[in-house]
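Peer 1: With the sequence up front, the predicted model follows.
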Amino acid sequence: MLLNALRRKTQTNGSSQPSSGGASSGAKKQRSIHDFFSQSSAGHKRVGKLRKARRSLEASAKGNSFSSAAMEDGEEESVPVQKRIDYDVMDDESSEEPMLLASQNSDSGTRRPRPKKIDFTGCSSQRSEPDFEPAHTPVRFGLPPTSQGYYTPGMATPMQQYSQDDMDFLTPRDQPVIPLSNPTTPSPLKKRPRLNSGADIIQEEQVQNLTQDMTHMEVRHARKGLPSFSSQSSMDTGSPKVNVVVNAKRARPNSEQAASFLSEESYVNPFAPEPTTESGKKKISRRKRRSFPSAWVAAKNGSPVSKYLSDFSELGLIGSGSFSKVYKCIKKIDGWVYAVKKSKRHFRGKADTERALREVQALAALSSSNHVVRYFDAWIEDDLLYIQLENLEGCSLAGFVNKYAPHKVPEETLCKLLCHLAQALYDMHSKKMVHMDVKLQNVLVGPGEVYKLGDLGTVAHLDGSMEITEGDNRYLSRELLEGNRNNLRAGDIFALGATIYELALGTTLASGGEEWQKIRDGDLVMFRQYSNSLQHLIASMMHPDALQRPLAEDILQHEVVLPFPTRPAKAHSSTCGVSETSETSSTMATKQAYVFPTLTEIKRSLPSECFEASVPLSLYYTVRCLVIAVALAFGLNYARGLPVVENLWALDAALCTGYILLQGIVFWGFFTVGHDAGHGAFSRYHLLNFVVGTFIHSLILTPFESWKLTHRHHHKNTGNIDRDEIFYPQRKADDHPLSRNLILALGAAWFAYLIEGFPPRKVNHFNPFEPLFVRQVSAVVISLLAHFFVAGLSIYLSLQLGLKTMAIYYYGPIFVFGSMLVITTFLHHNDEETPWYADSEWTYVKGNLSSVDRSYGALIDNLSHNIGTHQIHHLFPIIPHYKLKKATAAFHQAFPELVRKSDEPIITAFFRVGRLYANYGVVDPEAKLFTLKEAKAANEAAVKTKST
């Protein structure tokens with residue numbers, strides 16, 4: 001090629017002789033480009049010969065060899081050259097390119113551009129790098145090749161591969177580009193960017209050590225075409241090693257680079273449920289990628305700000321483990337106390353990051369579990385993971401041994417702990433994950449002695465596809481220690497059994513030796529103070545054979561979930577497993593200690609469609625109530641206008657009485673529609689619920705928003721002696737006999753409650769500034785305005801139509817509605833054996849399951865929208881009234897022992913239970929559990945003792 005010719009010219013530095021090729025007989029001598037330039041510079045030839053030579057060059061460019069016929073005589077135009085170039089050593093291969101270039105220049109016109117003066121004096125002494133360098137692919141690091149366009153003049157540029165001949169001749173750095181081609185054709189020679197002056201040269205074997213020190217973000221930038229090192233061919237061709245050029249200062253990425261990297265990175269949560277269609281089949285499309293929160297970089301004047309330091313204030317260190325520390329912090333924006341878990345060491349690549357994120361992904365998937373530490377937020381800051389968790393003031397179970405020493409932990413506590421932790425493991429295993437580190441230190445005590453499982457740093461997938469980090473060897477089963485990953489779920493069960501066994505033992509488990517081997521052989525210590533049922537369950541959980549261990553759901557169904565070995569038997573429909581025959585107080589206390597299922601377990605037993613609200617269906621029931629009410633009013637008015645009714649006052653009175661009762665029940669249906677709106681069961685739209693509730697409750701003179709707030713307070717404290725809203729047994733110090741007899745006022749009691757509340761806990765529903773309404777003052781005011789508007793309208797109609805007419809058509813049904821509301825509210829929460837719990841013993845499930853289901857007849861149940869199905873309504877008030885029957889049937893089938901239902905006639909039950917409540921509805925200050933039956937028996941026993 002031309003470069004070879006130029007190189008050899010500089011090496012010879014001599015004048016070349018014209019090349020004489022042997023001509024064949026009958027053919028003219030073939031002229032090379034050397035002859036062309038030589039003859040042009042020596043003398044003036046004919047122009048015709050030049051044109052013939054031009055045609056010969058064109059034919060040569062097309063792949064044809066020069067023929068002697070092409071060189072005919074002709075005129076030649078003399079073109080002087082400033083410097084003579086000798087091409088005597090040019091070979092046939094290298095001659096083709098200059099011929100082509102010359103022909104291209106000659107085609108532009110008769111006058112050819114003069115070759116520029118080229119000074120090659122420095123070519124032999126001055127050596128430089130090649131003008132083109134190919135992107136080098138470091139095979140060891142798996143980085144993709146990069147293009148020339150990614151590089152900037154300030155960066156080290158990779159070199160292209162050149163042959164040894166090409167490497168011997170190089171163009172000086174400051175030499176201009178030779179225009180040997182058309183302007184439209186890319187020039188083969190270009191100046192390349194200079195290398196960084198501060199670059200270091202290291203040997204190839206050091207590259208592997210270099211990349212091991214690279215951070216994950218640097219590797220990622222390298223994949224994007226911004227590597228922190230590049231390769232370059234050696235100038236010394238005799239060297240067997242290839243040098244690598246790297247930047248002298250390999251700075252770590254700044255915070256902005258880290259933020260961009262993390263914001264672009266997306267992680268798939270392996271514990272998230274697979275998306276399904278309405279038919280229940282899995283979608284064929286890929287699982288949605290769930291992005292992890294990016295690194296916090298709050299740029300202020302270009303300087304990064306720590307989210308942890310800006311949002312939280314440390315209150316102290318809670319604890320420290322092998323991989324992280326947990327700090328007690330208060331969040332500045334809401335003033336709440338949280339536990340912030342901070343990893344100890346920085347991430348070392350993407351694999352390390354994904355391994356650390358498992359805990360966050362598992363906590364997010366378990367957000368609905370009541371027995372796993374609650375997760376709020378997570379972020380990455382300076383390659384450290386921060387996790388914001390709930391702060392549990394109770395200590396971990398590690399302090400239980402010291403708390404109860406020298407006595408053993410009570411069996412009731414062990415059973416409750418076992419039930420809660422089994423529920424936590426059930427929630428984890430159902431989501432295809434295992435904990436792998438269940439132990440005393442990772443179990444925390446929440447409010448109300450609720451035990452929660454924490455520290456999910458070792459969580460792994462159930463199928464063993466993830467890298468497994470083993471926990472404390474004191475709690476590891478034998479198969480895990482031997483490397484068997486076929487049944488990871490059984491490993492969690494063994495660790496749970498070892499945790500309960502350690503508490504029962506009263507000492508820390510051995511970490512090795514003969515005692516450690518005995519535990520894994522199933523040779524456990526027997527305890528006299530614990531029941532055989534509990535010890536048998538612990539032994540089965542720690543069975544040497546993993547296949548013989550129970551599952552988490554089997555533990556939840558075991559009799560040991562009760563503090564005593566037997567379940568209460570159901571013998572009467574009005575009780576929860578309590579026989580109708582007389583029992584002693586100790587027996588009742590024993591049965592009331594039943595460990596109730598969690599709300600999640602109960603919800604799981606109900607059909608999912610029960611929790612779906614239909615706006616058209618809800619509006620249908622609303623319109624139906626209005627139509628029935630209007631139809632009844634017009635029907636009565638028409639009937640009273642008939643001559644037979646006008647002449648018979650008894651018939652008129654009967655019609656009016658029937659209308660008042662029936663219209664009152666319809667008004668009760670008005671109330672239940674607004675009742676659904678208050679609970680959010682009418683629809684999932686807050687504004688629609690507020691509008692419908694305010695409108696329909698105002699028609700029956702009920703302030704919607706203030707009633708909604710007090711009613712929600714009632715739901716949150718149902719069955720709680722110390723916190724419930726209405727018709728609760730009263731402590732002796734707060735006894736108010738008038739309020740206990742208030743039920744006898746029926747409808748008047750309802751409006752007295754709206755004005756005064758239920759003493760001694762008073763609340764005025766017409767005062768928007770009550771402490772209970774402080775956050776919804778505006779909504780309360782709006783609902784009160786609607787209420788007073790309807791009340792004023794009723795007064796105006798009373799003046800226009802007469803008080804008697806309004807009493808028949810409106811006030812009478814309002815009184816019936818209030819009476820029905822008082823009766824149902826009282827009977828749904830009071831029966832002879834309905835339990836009431838002290839605040840220390842109360843839980844949401846226990847309290848709401850103490851309510852009683854009652855039937856009012858098919859017609860009234862239909863008009864009142866199934867208000868009698870009260871147990872399920874209190875557990876899940878979000879269920880619409882038209883789906884309560886279906887949910888109740890599923891609940892009765894799943895938990896028959898929890899059902900409380902009475903078929904006693906409503907009026908009979910009201911007066912019987914009302915009399916018991918008025919006479920015996922007083923509780924001792926220290927009482928933890930109260931029933932009217934026990935109170936009556938105790939009072940009768942006291943009277944009998946006094947008489948004797």
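Peer 2: Done, it's in.
Peer 1: and Lys341, that's in a strand?
Peer 2: Yes. Counting by DSSP: H, G, I helix; E, B strand; the rest coil, Lys341 falls inside a strand.
Peer 1: which residues does the residue nearest to it when sequence neighbours are not counted form a beta bridge with?
Peer 2: The shortest distance from Lys341 to any non-neighbouring residue, by Cβ to Cβ, 6 or more residues apart in numbering, is to Ile387 (4.3 Å). Where C-beta positions appear, they are placed from N, C-alpha and C, glycine not excepted. Beta-bridge pairing of Ile387 under DSSP bridges involves Lys341, Ala378.
Peer 1: Confirm for me that Ile387 is in contact with Leu357.
Peer 2: No. Ile387 is not in contact with Leu357 according to Cβ atoms under 8 Å; the separation is 10.0 Å.
Peer 1: Looking at these two, which has the bigger crowd around it?
Peer 2: Ile387 (25 against 18; other Cβ atoms under 10 Å).
Peer 1: Distance-wise, check the more buried one relative to Ser618.
Peer 2: 41 Å (Cβ to Cβ, to the nearest Å).
Peer 1: now do the same end-to-end measure for stretch 540-552.
Peer 2: 12 Å (Cα to Cα, to the nearest Å).
Peer 1: still on that earlier bit, which residues are in contact with the residue nearest to Lys341?
Peer 2: Each residue near Ile387 by Cβ atoms under 8 Å, 6 or more residues apart in numbering is listed here: 340-341, 359-360, 363, 375, 377-378.
Peer 1: again, but for His371
Peer 2: Taking Cβ under 8 Å, 6+ apart as the test, what His371 contacts is 420-421, 423-424, 427, 450-453, 598.
Peer 1: ok, now Cys625?
Peer 2: Contacts of Cys625 by Cβ under 8 Å, 6+ apart are 666, 669-670, 673, 696.
Peer 1: just His787 next, same as before
Peer 2: Counting by Cβ under 8 Å, 6+ apart, His787 makes contact with 697-698, 701-704.
Peer 1: ok, which pair from these is furthest apart?
Peer 2: Greatest spatial distance among the contacts of His787 (Cβ to Cβ): Leu701 and Phe704, at 10.9 Å.
Peer 1: who's more crowded, these two?
Peer 2: Phe704 (29 against 20).
Peer 1: I'd assumed His697 was in contact with the more buried one.
Peer 2: Yes. Counting by Cβ under 8 Å, Phe704 does reach His697; the two are 4.0 Å apart.
Peer 1: so what sits against both of these two?
Peer 2: What both Phe704 and His697 touch, as defined by Cβ under 8 Å, 6+ apart, is the set 674, 783, 787.
Peer 1: and the first one, what helix or strand is that in?
Peer 2: Per DSSP states H and E: Gly674 is located in helix 649-679.
Peer 1: Repeat that for the second one.
Peer 2: Here Ser783 is covered by helix 777-801, with elements defined by DSSP H and E.
Peer 1: Buried residues, that helix. List them.
Peer 2: Within helix 777-801, the residues scored as buried using 16 or more other Cβ atoms under 10 Å are 779-780, 782-784, 786-787, 790, 794, 798.
Peer 1: going on from that helix, what's the next piece of helix or strand?
Peer 2: Next element after helix 777-801 (DSSP H and E): helix 803-806.
Peer 1: Narrow the contacts of His371 to just the buried residues.
Peer 2: Neighbour-count burial (16+ other Cβ under 10 Å) applied to these gives 420-421, 423-424, 427, 450-453, 598.
Peer 1: thinking again about what came up before, let me have the buried residues of helix 777-801 in CSV, adding pLDDT and distance to Ala807 as columns.
Peer 2: Output for the buried residues of helix 777-801, formatted as CSV (pLDDT from 0 to 100; distance: Cβ to Cβ, whole Å):
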residue, pLDDT, distance to Ala807
Ala779, 91, 32
Val780, 92, 29
Ile782, 94, 29
Ser783, 93, 25
Leu784, 94, 24
Ala786, 94, 23
His787, 93, 20
Val790, 94, 16
Ser794, 94, 11
Ser798, 93, 8
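Peer 1: so which of those residues comes closest to Val645?
Peer 2: Nearest to Val645 among the buried residues of helix 777-801, with distances taken as Cβ to Cβ, is Ser798, at 23.1 Å.
Peer 1: which residues touch that closest one?
Peer 2: Taking Cβ under 8 Å, 6+ apart as the definition, contacts of Ser798 comprise Met806.
Peer 1: what do you get for Arg854?
Peer 2: Arg854 neighbours (Cβ under 8 Å, 6+ apart): 824, 827-828, 868, 870, 901-904, 906, 909.
Peer 1: Could you report the separation of it from Thr508?
Peer 2: Counting by Cβ to Cβ - Arg854 and Thr508 are separated by 54 Å.
Peer 1: Domains in this structure, by residue range?
Peer 2: Domains of the chain are assigned by automatic domain parsing as 2-17+28-106, 139-253, 397-561, 603-941.
Peer 1: averaging pLDDT over each of the ones you listed, which comes out lowest?
Peer 2: Across those, domain 139-253 has the smallest mean pLDDT, namely a mean of 40.
Peer 1: before we move on, back to that, can you name every helix or strand that the helix holding Gly674 contacts?
Peer 2: Helices and strands touching helix 649-679, by 3 or more Cβ pairs under 8 Å, 6 or more residues apart in numbering; DSSP states H and E, are helix 615-640, helix 643-647, helix 686-698, helix 704-716, helix 812-829, helix 858-863.
Peer 1: try it again with 10 Å
Peer 2: In terms of contacts (3 or more Cβ pairs under 10 Å, 6 or more residues apart in numbering; DSSP states H and E), helix 649-679 is packed against helix 615-640, helix 643-647, helix 686-698, helix 704-716, helix 812-829, helix 858-863, helix 870-875.
Peer 1: hey, C-alpha coordinates of stretch 455-475 in PDB?
Peer 2: Output of stretch 455-475 as PDB, limited to C-alpha atoms (Å, rounded to 0.1, in the frame of the first residue of the first chain):
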ATOM      1  CA  ASP A 455     -33.900 -10.200  61.500                       C
ATOM      2  CA  LEU A 456     -34.600 -11.700  58.100                       C
ATOM      3  CA  GLY A 457     -31.000 -11.200  56.900                       C
ATOM      4  CA  THR A 458     -30.600 -14.900  56.300                       C
ATOM      5  CA  VAL A 459     -33.900 -15.400  54.400                       C
ATOM      6  CA  ALA A 460     -33.800 -17.700  51.400                       C
ATOM      7  CA  HIS A 461     -36.100 -19.200  48.800                       C
ATOM      8  CA  LEU A 462     -37.900 -22.400  49.800                       C
ATOM      9  CA  ASP A 463     -36.600 -24.400  46.900                       C
ATOM     10  CA  GLY A 464     -32.900 -23.800  47.800                       C
ATOM     11  CA  SER A 465     -32.100 -21.900  44.600                       C
ATOM     12  CA  MET A 466     -30.500 -19.000  46.500                       C
ATOM     13  CA  GLU A 467     -27.200 -18.900  48.200                       C
ATOM     14  CA  ILE A 468     -27.900 -19.900  51.800                       C
ATOM     15  CA  THR A 469     -26.400 -18.300  54.800                       C
ATOM     16  CA  GLU A 470     -26.600 -20.500  57.800                       C
ATOM     17  CA  GLY A 471     -27.600 -19.100  61.200                       C
ATOM     18  CA  ASP A 472     -26.600 -20.000  64.700                       C
ATOM     19  CA  ASN A 473     -25.300 -23.600  64.800                       C
ATOM     20  CA  ARG A 474     -27.100 -24.100  68.200                       C
ATOM     21  CA  TYR A 475     -30.400 -24.000  66.400                       C
END
